[in-house]
Each structure stands twice: as C-alpha cells, then as structure tokens.
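Visitor: Structure, please.
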Amino acid sequence: MNSNELEQLKEGYKKLIDNRDELNNLMSLKKELDNNDIVKTYLSVLEKIEEFEDESIINANDKALMDKVIERMNIKTSNGIYVYFGTYYEVGNDCYITNYHDPNAHYSKYVDIEKHHSYAGIEVPINEREEFEKNNNIIMSKTLGSRKDLYDYVRDIFFETCIIENQEKAVEKVLKIRDNK
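Guide: Coordinates of the predicted model:
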C-alpha cells in the first residue's frame, strides 16, 4: 500500500468512528426524546395532520367549506325547487332566448337548486311547461340577467339552512323567496 492509500484508510477509519459517535449521541437523544411527553404530543399531532387529504380547508371560510361538501355530493332526490332560466326558440341548430309568453317558443329551461352545481338544467317543452310548473316549485327572476345570481343565492340559502338547521326550514325559506319575487 502506498502512502496515499494508507492516508485514505486512516481517514475512512476516523470517519467511521466519528459517525459511530454521532449516531450514538443521536440514539441517546432519541431515547431521551421518546420519553418526553411534549415530543410525543408533537409527533402525534404530525401524524394526525398527515391524515388529512385536503389541507386547503385550513384557510377556508364556512361558505367555502359548505360549497366543497355540496360539490362532493351526488344528490339523487330533490324537493322539486327550480329556478327558471328562460324560454327559448330554435332556428336550425341555434337557440335564442325569448319572452315567457312567446307563441313561437319551444321550451323553457329550469335548474334544480339541489342538483350538482351546474347551469345545464332541464328543458321542458312548452306544451309540458304548465304541468311541470304545477308539480314543482318554480322561482322566477325579475330580469333575465339575474337568473344565475338568483340561482346561486337561493342555492346558498337552501344548503346553509339544511346544514345548520334542517331541510324543512330550508324549503320554507326558499319558498318565501319564491313568494316574495
């Protein structure tokens, strides 16, 4: 072995001794910390934090949390409360919004406040509209421009009341809005 190899051998041995000493010190400290109640609590808290799937809820307000849970739901049954989204007539492949009483109208559009947050809604042919409106609770906006705002407003009130109070109270509140329009 040459002098360079001997020097590397000595350095390697010294490094392993230093590592062993450092590891022994760390193991002693770990053993000491393992018995410390504050450290145990801290580690337990870390584990619990890691169990949460969605950390975005930390800074979310109550409305955002309600929106998040509502968005995750797939509500299958409904109280039959709809917001009217306009009356339309078709020309070829194009649809045009028109007056509710337009004799040339083909359908009216309604969006259920309990279904997934979507403005797709349902299209009710004009000849079935009266029956549909008789069998459901329809909330009409005063202006066409406010129908989305009305939908969001009614939907927020409905779900907030359902969550905080109960569904019967929510339906009651929403129907008061309908009756005051």
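Visitor: longest helix anywhere in this protein?
Guide: helix 3-34 (DSSP state H).
Visitor: now whatever helix or strand comes next after it, how far from the centre of its chain.
Guide: Toward the C-terminal end, the helix or strand that comes next after helix 3-34 (DSSP states H and E) is helix 37-51. Relative to the mean C-alpha coordinate of its chain, helix 37-51 is positioned 28 Å out (C-alpha atoms, centre = their mean, to the nearest Å).
Visitor: Now the element after helix 37-51, going C-ward?
Guide: helix 62-72.
Visitor: any idea how far that next one is from the chain center?
Guide: In terms of C-alpha atoms, centre = their mean, the centre of helix 62-72 is found 4 Å from the chain centre.
Visitor: Now it: buried residues?
Guide: 66, 67, 70 (16 or more other C-beta atoms under 10 Å). Every C-beta, even on glycine, is put in place using the N, C-alpha and C of the backbone.
Visitor: how close does the last one sit to residue 156?
Guide: Read that as residue 70. Residue 70 sits 9 Å away from residue 156, taking C-beta to C-beta, to the nearest Å as the criterion.
Visitor: Equivalent analysis for residue 114, please.
Guide: Applying C-beta to C-beta, the value for residue 114 to residue 156 is 12 Å.
Visitor: any low-confidence regions in the protein?
Guide: Filtered on pLDDT under 70, the chain yields the residue ranges 116-119, 143-145, 181.
Visitor: Please parse the chain into its domains.
Guide: Residue ranges for the domains of the chain, per automatic domain parsing: 3-51, 66-180.
Visitor: before we move on, back to that, output the buried residues of helix 62-72 in TSV; the columns should cover distance to residue 6.
Guide: TSV is the format used below for those (distance: C-beta to C-beta, whole Å):
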residue	distance to residue 6
66	73
67	71
70	74
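Visitor: ok, now which ones touch the residue nearest the centre of the chain?
Guide: The centre of the chain sits closest to residue 68, judged by C-alpha atoms, centre = their mean, with a distance of 1.8 Å. Applying C-beta atoms under 8 Å, 6 or more residues apart in numbering to residue 68 gives the contacts 54, 57, 60.
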